[in-house]
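Asks: let me see the structure of the following:
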Amino acid sequence: MTIKIQRLVNVAIVIFSWLTIPLLGSRNIKRFLPASILILLVELLHARCGKKQRWWVFYNKPKSFLFGEFPFQIGPFLATSLWTLKWAYGNFKWFILLSGIIHAIFAYPITYYARKYRHYTLVRFNNLQFFLYFFFKAFLLYGFQSLFEKIIHQKGKEKF
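Replies: Next up is the predicted model:
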């Protein structure tokens, strides 16, 4: 994949992901955005570590963070966090199942095609480790959302 095509793919995944967010509704965006941003910040830190440890590499690099992981994080990662919370928050088993399915799709078929079309490849991670790398963040996301719900609920009680 050439650098121009890779840039177009990066822009396309961000735009497509962000186009789905208004479909959540403003109430759900306001409710779930704080936890999604917090888990995004955790992912940004983990990605820096992953890049340094060479858990994966992006082809056609300038070794820019903005060119490699960042489009995936602000695009599909953020959008799927919001959508997963909307669809399954309140039912932990369904939330974990849905998160597992989404992360398995990313870790297996999407990573396979990314390697095939020379976008990125796993180096020191196998697909199962890559799946687990994302999947454990589902527990953090649910925990962050529960914490925010508790804080908002307590503030609501204080007003009355």
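Asks: packing partners of the helix or strand where residue 95 lies?
Replies: The secondary structure element spanning residue 95 is helix 92-105 (assigned by DSSP states H and E). Helix 92-105 is packed against helix 78-88, helix 127-159, with contacts defined by 3 or more Cβ pairs under 8 Å, 6 or more residues apart in numbering; DSSP states H and E. Heads up, the C-betas are built off the backbone N, CA and C, glycines and all.
Asks: for residue 117, which of those is the nearest?
Replies: Each of the helices and strands packed on helix 92-105 has some distance to residue 117 by Cβ to Cβ; the shortest is helix 127-159, at 16.6 Å.
Asks: just the buried positions in that closest one, please.
Replies: Of the residues in helix 127-159, 130, 131, 133, 134, 135, 137, 138, 141, 142, 144, 145, 148 count as buried by neighbour count, 16 or more other Cβ atoms under 10 Å.
Asks: nearest to residue 92, of those?
Replies: residue 142 (6.5 Å).
Asks: how much space between that closest one and residue 33?
Replies: In this structure, residue 142 lies at 15 Å from residue 33, with Cβ to Cβ, to the nearest Å as the measure.
Asks: over to residue 148?
Replies: 10 Å.
Asks: pairing partners for the least confident helix or strand in the chain by mean pLDDT, with directions?
Replies: For the chain, the helix or strand with the lowest mean confidence is strand 56-58, at a mean of 88 (criterion: mean pLDDT, DSSP states H and E). Using DSSP bridges, the strands paired with strand 56-58 are strand 120-122 (antiparallel).
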